[in-house]
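> Any chance you can model this:
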Amino acid sequence: MGQAIAGRQRARIDGDFVVFLIGARLQLRHPIRSFGDLGGRRGMKHMLDHLTKHPEKGLLGFEMGFPTIVQYWRSFDHLEAFARDQDDPHSVAWRNYWKRVGQDNRTGIWHETYLVRADEYEAVYANMPPFGLGKAGSLEPLSQDSRARLRIRQKA
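Numbers count the residues shown, from 1 in each chain. Below you'll find the model as predicted:
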């Protein structure tokens, strides 16, 4: 994690964006098999490395967690294009998952997609380095009297 910024900061992103949550359920008795089911070394980390090298694909940023990863995308169109493009690493990992696992419930995957309209969100950080939405976009200081109800309605 980077250098902490003293005080309270607000995250800002210009325009609409997408929050994409993705995670996995591993079979704890067989973690190596689950790791393979999820693509192994060509799985999520490989995909995120690819997207980081190609910002034109639309990934604004991400926070790697376990078992959930939070991703911020410029638009749903960008996210969908990456998921469907045969030249991007997602389609190979997805096909391999279904070949390996199919209907077997040994390793599960899930995702949730949220379309966020401009200025209809709030993200506040206190004494934190750039993180989450603040790392995907930018940070600006908040005044001491700033309140959530006012920030969420505040237009850029």
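> For the rest of this, base every contact and every neighbour count on C-alpha atoms.
Noted.
> quick one: the helix or strand of the chain with the lowest mean pLDDT to chain centroid distance?
In the chain, no helix or strand scores lower on mean pLDDT, DSSP states H and E than helix 31-37, which sits at a mean of 74. Relative to the centre of its chain, helix 31-37 is centred 22 Å away, using CA atoms, centre = their mean, to the nearest Å.
> what's the following helix or strand after it?
helix 44-53 (DSSP states H and E).
> Show me what the least confident helix or strand of the chain is packed against.
Counting contacts by 3 or more CA pairs under 8 Å, 6 or more residues apart in numbering; DSSP states H and E, helix 31-37 packs against helix 89-100.
> Apply 10 Å and report the result again.
Applying 3 or more CA pairs under 10 Å, 6 or more residues apart in numbering; DSSP states H and E, we find helix 31-37 packed against strand 17-25, helix 89-100, strand 108-116.
> could you dump it to CSV, C-alpha only?
Extracted as CSV, the C-alpha positions of helix 31-37 are listed here (Å, rounded to 0.1, in the frame of the first residue of the first chain):
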residue,chain,number,x,y,z
PRO,A,31,-7.0,-26.0,-2.9
ILE,A,32,-4.5,-26.8,-5.7
ARG,A,33,-7.2,-28.3,-7.8
SER,A,34,-9.4,-25.3,-7.2
PHE,A,35,-6.5,-23.0,-8.1
GLY,A,36,-6.2,-25.0,-11.4
ASP,A,37,-10.0,-24.8,-11.9
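> neighbouring contacts of that helix?
By CA atoms under 10 Å, 6 or more residues apart in numbering, the residues outside helix 31-37 that reach it are 24-28, 38, 40-43, 93-94, 96-101, 106-109.
> Narrow those residues to those that are buried.
24-26, 38, 43, 93, 96-97, 100, 106-108 (16 or more other CA atoms under 10 Å).
> Identify, from those, the entry nearest to Gly137.
Gly137 lies nearest to Gly43 out of the buried ones among the contacts of helix 31-37, by CA to CA, at 25.4 Å.
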